[in-house]
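Engineer: quick one: sequence and predicted model below, then my questions.
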Amino acid sequence: MAQLLPIVSVIFGGAFTVGVSWALGWLLLGRLRLRFHRLEGTLFAFVAGSACLSLATFVLCLIHQARWPVFLVGGAGAMLWAGWGARHDPPLPPLAAMPRAWRILFTAVFAAFFACYFFNALAPEISPDGSGYHLGNVARYWRHQGFAWDYHSLYSSFSQGMEMLFLVAFCFGRHPAAAMVHLAFQAALPLLMVSYGRRFGVPRAGAFAALLIYACPVAGIAGTSAYNDLAVATLLFAGFYLIQVEYDNYCYKLLFLIGLLAGFSYAIKYTAGMAFPLALGLTKTARGLALPQAAGSLAKTGPSADAEGAGAGSASPPAADNVRKAGPGVDAEGVGGGWLRRALPLTLGAVLTAGPWLVRNWIWLGNPVAPFLNSWFPNPYWTAASEHQYLAGLSQYPAFKSYWEFIMQITVLGGLVPGMIGPAFLLLPLSLLALRHSHGRRLLLAGAVYAIPACLNTEIRFLIPALPFFALALGLAMAESWGALPAVALLQALLCWPAIMDTYCDRNAWRVRGFELRAALRLEPEPEFISSHVGDYALKAAIEQAVPVRGRIFSFAGRAAAYIDRDIVVSYESSQGVLVQETLENAAATDSGQRAAALKVKSLGLGYLLVNASDAVAENMKDHFNMWGLTKLAEENGTTLYGID
Amino acid sequence: MEQRYTVSTSLVLAFLAAIFAVEVYQAATHPIRAPEAYVYDRFVRPTTRQVLAQELPNRDVLYTLLEKRSVGLFHVSPFSVRLPSLMFAILYFRSAWRLAQRIFGTGWRFLATVTLAGLFSLWWGGFVWAQGQGAALALQVSAAQLALSVKPRNLNLAGACLGLSVAASLDFAMPAAALALGFLAVDRRWVLWTDRILIPATVAALVFLVLPLSHAHAASEAPPDPAASPASAIRALRSSAGDHRVRIGASPAIEPILNFYRAQHRLTTWDRAERWDRAGQNPAAGDFDYYLLTRADAGLVDRRHLLVLYRDADFVLAAFSIVEQVGKNVKRWHGGWPAGAMGWIGPFLAG
């Protein structure tokens, strides 16, 4: 029974956060009087509500009331309110049906992968960034019941929209509960894509793209970890979806919702900041340039609208109660006065969710977009030179023998770039054929815009936000080729199944490796499982015993901060870290002044050092620890904990 | 009602049947060739996991998969590895027949075309050997025939056949592209062409090639075909080795044939034959009980003082002889140690 408790708490933490998000979303959609079809209404309620919950948690963190009783009472209240408010609502109409064969195929593949992902998310969190800074920040907020203003790191200065949701789940179910929240976004994305296909008359393309994305290996592992990439992808796609709905039906409340999601995307990840200008551009284009052919465009020009029977006509959306149909008048004022009228609600929504993070950083760090643009906003926590060095490091691809090897690495092998997107994406050039359709053009534009961050960061998960758009465009392009869509979808599903991936991909590729049932059901003790994957976990007990609660540790390398209940200052994460690193390395390089360097570090409030055997100072400290004035407190897996005397 | 078989079509049918019978006979009786044995040994015999783990490019992916199925059903033999080729011969004859019929009707031009197609297959021999070229040709002829048919869905099949032909043999990628462009040039309907030819062809090829493509950049070690069959030399080896556990070194051109023979006859006491690397890039090679060498590698016999057991115009079978080695090394010892001789005699002196 005691063994079940952590499992129940994890599931409760994740489900509660998702439930509260959903309830807040229904309340918001109700207030805005926006009505959608049944499935899409549920999904939009979840994503919009998650923005509301994140904002509410932000406020609680500001006033240091981010505690589980507050979350429990507030969340339960929101759910009751939403349930009470919805008791007399008429049922929402269903979307146009998906072809039976596709329904079976999609359900089977989705269920199989969901089961696999569920158990992976349920297992203790071991992902590098999840156990590092994502949940490291969350654990710190949890300890402080709000923001920790005296801790400065580039990772804590990023916007933390997703971490706010993680915090709610973390309070009840600790680390894996946060992964459960991300799992919900991961499941919502393919369902949104299916809805998109059904609403716009291309159900087969929608289901095809959804399967491609859900089976995608890098999306699989990122979605089951406490990361934020799948949440960003889901929000960006939901925003794009709403823009397409707004194409046919002008509605300022819908624009507000689009802005809210765009702003929340930024609040989760800076790279998603492009959602707002894209939304602005696309809605402008909708009115000013493309409306004449946009209205019902796919039904006219799309490849499958007629062929699939369930065309856009039969799926005509309720959209919004107060929708004013786009008429010739709107068309005429498109680029002029109408532009401002559309931009305002969009901006208002974005400011509401992105604004708090900009303001927080401006007041706290003197840089609204910290840790970037430090030359524009000089501050004591991070310098322009360090920023440049950091960004250069992110965009450094390993040496490839050829472009061919690069393509195979990101699609099939995934060893040199961390993770891969799946073999079916080798067909991506065919998605250019979707340029024939107006929907295809918009999808490709959005995909191209959201792929820009992948050029600046070599981690393949930065491609995830662009993939749903490319996958849908590919589906549109291939929709008229008999048998092509199911063949490719099945190929992706089969080849991306964990047991099959083992046969061909690089063994170091970042991916889901199996069901992890023993770890998920806690048949394998949690500490054993974590320490077998997270090297730093072995030092947890020693650190928490030797270092006082308010004590701080300096480390040259990033650490599993989520599992170590002490603040760790990492060398490359702040100006202070860089200063300490230089001080220690200079002393070690000249083999003189070690004691003075150690005392200087201690005077900065860092009384402990975590040193890897590969660090530049490691040998010198090991051989001359007396000269440094250090006491060796613990050593595990090649990492030594020193105390400065 | 039109008569289904005229005299001319019956004649052609009989002619094609005769050609096919000859090809079946050849497939059953010809000894295995080095490229066929190589494909079997590197891509058919190992498990899928082992195949994907080795850095070797496979140019006949679809054929390899079919060969695996055939070997699984009928055990390893020259005929079983060639069986898929023979099946594609039937497809080739059928497609050529229908293509000629579609273009020329059933007159003398039809007769001549099908006869030539049949003779070409006999001369070329692509449907006799266990390689993908025959399959690829059959699929491309089939694609052309389907593209010219009146049913719209057949266009999809034509596209798929083009893709499969590339999967059957990568050498046919350019002809497949040319054929696809030819369809476009004839029909000139871009959208129809992309939907019915380009996409099915690409998808069909990708389904089979997606994983092998990850090894496309690797260097091939496919051997040249030896001048003649080493069957006699292998028989001599078998009679000499008996039931003893033996290690065999072979010239690159013979090594896959030897391993094929070993699998065919389930010679479990033979270790897998290894390549004796003439360039000296495999320093481990050398300590074998038997050496089966081509004429080009026969110099090894003198250099290593091997005992020749069998020799013909093309091959040499030699064995490591303890008596020979000790005798020769002691004889040389009187005139000074030859370089590396201690490596030969050392173990005996120490033992």
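Structural biologist: Sure, I can see it.

Engineer: going forward, measure contacts between C-alpha atoms and count neighbours the same way
Structural biologist: Will do.

Engineer: end to end on stretch B:26-38, go ahead and measure it.
Structural biologist: One end of stretch B:26-38 sits 20 Å from the other (Cα to Cα, to the nearest Å).

Engineer: tell me how chain A divides into domains.
Structural biologist: Listed by automatic domain parsing, the domain ranges of chain A are A:4-363+A:395-504, A:535-644.

Engineer: which residues sit against stretch A:151-161?
Structural biologist: Outside stretch A:151-161, the residues that touch it by Cα atoms under 8 Å, 6 or more residues apart in numbering or on different chains are A:51, A:54-55, A:133, A:137, A:264, A:266-270, A:357-358, A:361, A:369-371, A:381-382, A:567, A:569-570, A:573-574.

Engineer: list the ones among those that fall in strands.
Structural biologist: A:567, A:569-570 (DSSP state E).

Engineer: can I get those residues in TSV including distance to chain B?
Structural biologist: Converted to TSV, those look like this (distance: Cα to the nearest Cα, whole Å):
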residue	distance to chain B
A:Asp567	44
A:Val569	42
A:Val570	39
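
Engineer: dump these to TSV, plus neighbour count.
Structural biologist: Listed next are the ones in strands among the contacts of stretch A:151-161 as TSV, based on neighbours: other Cα atoms under 10 Å in any protein chain shown:
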residue	neighbour count
A:Asp567	19
A:Val569	27
A:Val570	24
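
Engineer: and the strands in chain B?
Structural biologist: Using DSSP E, strands in chain B cover B:248-250, B:274-275, B:290-294, B:307-311, B:315-319.

Engineer: about what we covered before: indicate which one of the domains of chain A is closest to B:Gln131.
Structural biologist: When these are compared by Cα to Cα, domain A:4-363+A:395-504 sits nearest B:Gln131, at 24.0 Å.

Engineer: look up how far B:Ala158 lies from the closest residue to chain A within the stretch 151-300 of chain B.
Structural biologist: Chain A sits closest to B:Asp195 of the stretch 151-300 of chain B, with a gap of 5.0 Å, by Cα to the nearest Cα. As for B:Asp195, its distance to B:Ala158 is 12 Å (criterion: Cα to Cα).

Engineer: so for these two, which sits in the more crowded spot?
Structural biologist: Using other Cα atoms under 10 Å in any protein chain shown as the criterion, B:Asp195 and B:Ala158 rank with B:Ala158 on top: 28 against 22.

Engineer: state the number of residues packed around the residue nearest to A:Leu167 when sequence neighbours are not counted.
Structural biologist: Spatial nearest neighbour of A:Leu167, chain neighbours left out: A:Val138 (5.6 Å); criterion: Cα to Cα, 6 or more residues apart in numbering or on different chains. By other Cα under 10 Å, 30 other residues sit near A:Val138.

Engineer: correct me if wrong: A:Val138 contacts A:Glu163.
Structural biologist: Yes: under the criterion of Cα atoms under 8 Å, A:Val138 makes contact with A:Glu163 at 6.0 Å.

Engineer: pLDDT score for B:Val330?
Structural biologist: Turning to B:Val330, the model gives it a pLDDT of 51.

Engineer: quick one: low-confidence ranges for the stretch 251-351 of chain B?
Structural biologist: Where the stretch 251-351 of chain B drops to pLDDT under 70, the residues are B:276-286, B:321-351.

Engineer: which single residue in the stretch 351-500 of chain A comes nearest to chain B?
Structural biologist: Taking Cα to the nearest Cα, the stretch 351-500 of chain A has A:Ser481 as its residue nearest chain B, at 5.0 Å.

Engineer: need the nearest residue in space to that residue, chain neighbours excluded.
Structural biologist: B:Asp195 (5.0 Å).

Engineer: which helix runs longest in chain B?
Structural biologist: Longest helix in chain B by number of residues (criterion: DSSP state H): helix B:78-104.

Engineer: can you give me the buried ones in that helix?
Structural biologist: Residues of helix B:78-104 classed as buried: B:78-86, B:88-101 (neighbour count, 16 or more other Cα atoms under 10 Å in any protein chain shown).

Engineer: lowest-confidence helix or strand of chain B?
Structural biologist: The helix or strand of chain B with the poorest confidence is helix B:341-350; it has a mean of 44 (mean pLDDT, DSSP states H and E).

Engineer: how about the helices in the stretch 201-350 of chain A?
Structural biologist: Under the criterion DSSP state H, counting those that start in this stretch, the stretch 201-350 of chain A contains helices at A:203-215, A:217-223, A:229-248, A:252-268, A:275-288, A:291-294, A:297-301, A:328-333, A:337-365.
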